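Chemist: One predicted model, sequence on top.
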Amino acid sequence: MKAEYSGSIESNRKVLHELTAGGDWKVQLQNSIRSDELKYFFELTESERIGIQNSIRLNVSTSPYYLLLSDPYDPDCPIRRTIIPNEEESILSPEESSDPLFEEKLMVTRGLTKMYDNRVLLFSNQTCSVYCRHCMRGRKVSFSNEHLTKKDLENCFEYLRNHPEIDDVVISGGDPLNMSDSRIEFILSELESIPSVKICRLGTRNPVTLPMRITDTLSSILDKYNTDNLSIFCNTQFNHEKECTPESKQAILKLLKSGVSVGNQAVLLRGINDDGESMLRLHKKLLEQRIRAYYLYDPELIPGSRGFRTPLGKGIEIVSFMRGKISGMGIPSFVNDLPGGGGKVTLSPDWYLGYHKSTRTHFFKSALRGTIHKSFEPLSSNYEDTYRQLSEEEYIELAGIAHPIENLP
Ligand code: SF4
């Protein structure tokens, strides 16, 4: 039985906290807060009211834990913005599409998408603890007709058995850690039994949105199937330092203890984390939580995403800003997953200035100091024509300001 909320925002939040704090993840999900209940926990803006009514994408729902991290009065709170749709989410732009990556077109059997030769994406389930407003799978996440039956799953495993070139399976959805322990165990045991499948990557936001889901039982299941045959990785998605809590750290530590390596796939989101300082603070916190940076995603061209999108140059600017201020373990690769199923490409700041062939000299700009530095190509190289070539004038100018190197011949 769910609680009735009728008091002030503060008292409703207190009731929600008392109902769920200390409870397990199932209690959290039983008390999830859905669209028409958000008004009891937030002072909604007109734009948010319109967004809740007219969203053209996935349902609206959040775990109590994640809701209680948010600000009830500040519409710019980074957590609140990922929970509550605003007016912009109801507007479809011409360049947007519900499946920009062609995940449905590239489906080889129901629930299994093959974009790369050796890797597949298994859509294990359609439920999540929070339906993130920036979710690139808003076309299917939260919709019950996307539920995968046991027979569907068996067909997926059959496909993997018949395609030994596939050695890497990403399990996503939905959030795979929203499935029951027994279903997770069933999937992992099947994967572990297929000799050609070596890597399993779990894509989950639960360390961020429902950290109590990482129970000792779940850890022992992960530990059990992390074997000589199968290596299990977990990629999660923290987008803002406010999400780094003692609870999330405990969840990560449990995953690490079960031998699962944890990486972060942040999404670049306008007004939430689209500046170098925010992203740096987030990634410093993540390293403290023993999470390595993996990707920083340019948001997909999904319906109603205009409120989250940033210029492409922002991501390059941010990773450029971070270089030299945090170890490489904390700097994500900025990636664009190409619309039309082209796969991911990385975009990075250009520290390389060019090559001068007759002196075999490469010139670089230091990310740390902004100074010009040179290095030299080996004598026997057959790559010389592949580099960006410098004119004589450019060479003279760069050589004149390049940082000296001791003991040059
Ligand atoms: S948890 Fe992941 S799959 Fe679920 S709504 Fe959020 S981004 Fe989408």
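Modeler: Structure's in. What do you need? Residues are numbered from 1 along each chain as shown.

Chemist: who's in contact with the residue nearest the centre of the chain?
Modeler: Of all residues in the chain, the one closest to the mean position by CA atoms, centre = their mean is Gln265, 3.0 Å from it. Gln265 sits next to 203, 235-237, 294-297, 332 when contact means CB atoms under 8 Å, 6 or more residues apart in numbering. For every residue, glycine as well, the C-beta is placed using N, CA and C.

Chemist: which SS class is the residue nearest to it when sequence neighbours are not counted?
Modeler: Sequence neighbours aside, Tyr295 is the residue nearest to Gln265 in space, at 4.4 Å (criterion: CB to CB, 6 or more residues apart in numbering). Taking DSSP: H, G, I helix; E, B strand; the rest coil as the rule, one finds Tyr295 in the strand state.

Chemist: Surely Tyr295 is in contact with Ser333?
Modeler: Yes: look at Tyr295 against Ser333 with CB atoms under 8 Å: they come within range, at 5.7 Å.

Chemist: on that earlier part again, distance check, the residue nearest to the centre of the chain against Leu58.
Modeler: 18 Å (CB to CB, to the nearest Å).

Chemist: How about Arg292?
Modeler: Taken as CB to CB, the span from Arg292 to Leu58 is 29 Å.

Chemist: Tell me which of the two has more neighbours.
Modeler: Of the pair Arg292 and Leu58, Leu58 is the one with more neighbours under other CB atoms under 10 Å, namely 22 against 17.

Chemist: okay, Leu408: pLDDT?
Modeler: Model confidence at Leu408, expressed as pLDDT, equals 50.

Chemist: correction: Leu106
Modeler: 93.

Chemist: contacting residues for it?
Modeler: 113-115, 341.

Chemist: Of these, which is the most crowded?
Modeler: Thr113 (22 neighbours).

Chemist: Now do the end-to-end distance for stretch 379-390.
Modeler: 18 Å (CA to CA, to the nearest Å).

Chemist: Now do it, average pLDDT.
Modeler: 96.

Chemist: If you count neighbours, what's buried in that stretch?
Modeler: For stretch 379-390, a neighbour-count test (16 or more other CB atoms under 10 Å) marks Leu390 as buried.

Chemist: The ligand: which of the contacts of Gln265 is nearest?
Modeler: Nearest to the ligand, judged by CB to the nearest ligand atom, of the contacts of Gln265 is Gln237 at 6.3 Å.

Chemist: how far away is that closest one from Ile316?
Modeler: 21 Å.

Chemist: the more surrounded of those two?
Modeler: Gln237 (24 against 16).

Chemist: residues in contact with Leu347?
Modeler: 298, 312, 315-316, 334-336.

Chemist: okay, the closest residue to Leu67 other than its chain neighbours: pLDDT?
Modeler: Spatial nearest neighbour of Leu67, chain neighbours left out: Ile33 (5.5 Å); criterion: CB to CB, 6+ apart. You'll see Ile33 listed with a pLDDT of 97.

Chemist: Could you pull out the strands in the stretch 101-250 of the chain for me?
Modeler: 107-109, 112-113, 119-123, 168-172, 199-203, 231-236 (DSSP state E, counting those that start in this stretch).

Chemist: The stretch 251-400 of the chain too?
Modeler: Under DSSP E, counting those that start in this stretch, the stretch 251-400 of the chain gives strands at 261-267, 292-297, 333-338, 343-346, 352-356, 361-365, 372-376.

Chemist: Domains in this protein, by residue range?
Modeler: Domain segmentation of the chain under automatic domain parsing yields 9-90, 107-346, 352-401.

Chemist: out of those domains, nearest to the ligand?
Modeler: That would be domain 107-346 among the domains of the chain, by CB to the nearest ligand atom, at 3.0 Å.

Chemist: mind checking how far that closest one is from the chain centre?
Modeler: On the basis of CA atoms, centre = their mean, to the nearest Å, domain 107-346 sits 6 Å off its chain's mean C-alpha point.

Chemist: for the protein, which spans come out with low pLDDT?
Modeler: For the chain, the stretches with pLDDT under 70 are 1, 406-409.

Chemist: If we ignore the residues flanking it in sequence, what's nearest Glu300?
Modeler: Met136 (4.1 Å).

Chemist: Please list the residues of the stretch 51-200 of the chain that sit near the ligand.
Modeler: Contact residues, the stretch 51-200 of the chain versus the ligand (CB under 6 Å from any ligand atom): 128, 130-132, 135, 137, 141, 173-175.

Chemist: hmm, try it at 8 Å
Modeler: 58, 82, 128-132, 134-138, 141-142, 172-175 (CB under 8 Å from any ligand atom).

Chemist: Tell me where the stretch 251-400 of the chain has helices.
Modeler: Assigned by DSSP state H, counting those that start in this stretch, the stretch 251-400 of the chain shows helices spanning 276-288, 312-322, 392-401.

Chemist: how about CSV for those helices, with distance to Phe41 added?
Modeler: Listed next are the helices of the stretch 251-400 of the chain as CSV, based on distance: least, CB to CB, whole Å:
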stretch, distance to Phe41
helix 276-288, 25
helix 312-322, 31
helix 392-401, 58
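
Chemist: Any chance of JSON lines for these, columns distance to the ligand?
Modeler: Converted to JSON lines, the helices of the stretch 251-400 of the chain look like this (distance: least, CB to the nearest ligand atom, whole Å):
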{"stretch": "helix 276-288", "distance to the ligand": "16"}
{"stretch": "helix 312-322", "distance to the ligand": "18"}
{"stretch": "helix 392-401", "distance to the ligand": "45"}
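
Chemist: out of the ones you listed, which comes closest to Val108?
Modeler: Evaluated over the helices of the stretch 251-400 of the chain, closeness to Val108 peaks at helix 312-322, with 31.1 Å, by CB to CB.

Chemist: could you give the angle of that closest one to strand 261-267?
Modeler: 130 degrees (axes from the mean of the first three to the mean of the last three CA atoms, to 10 degrees).

Chemist: Check which residues of helix 312-322 are buried.
Modeler: 314-322.

Chemist: Please apply the same query to stretch 187-199.
Modeler: 187-188, 190-192, 194, 197-198.

Chemist: Stretch 276-296 now?
Modeler: Applying 16+ other CB under 10 Å to stretch 276-296 flags 276, 278-280, 282-286, 289, 291-296 as buried.

Chemist: I am finished for the moment; much appreciated.
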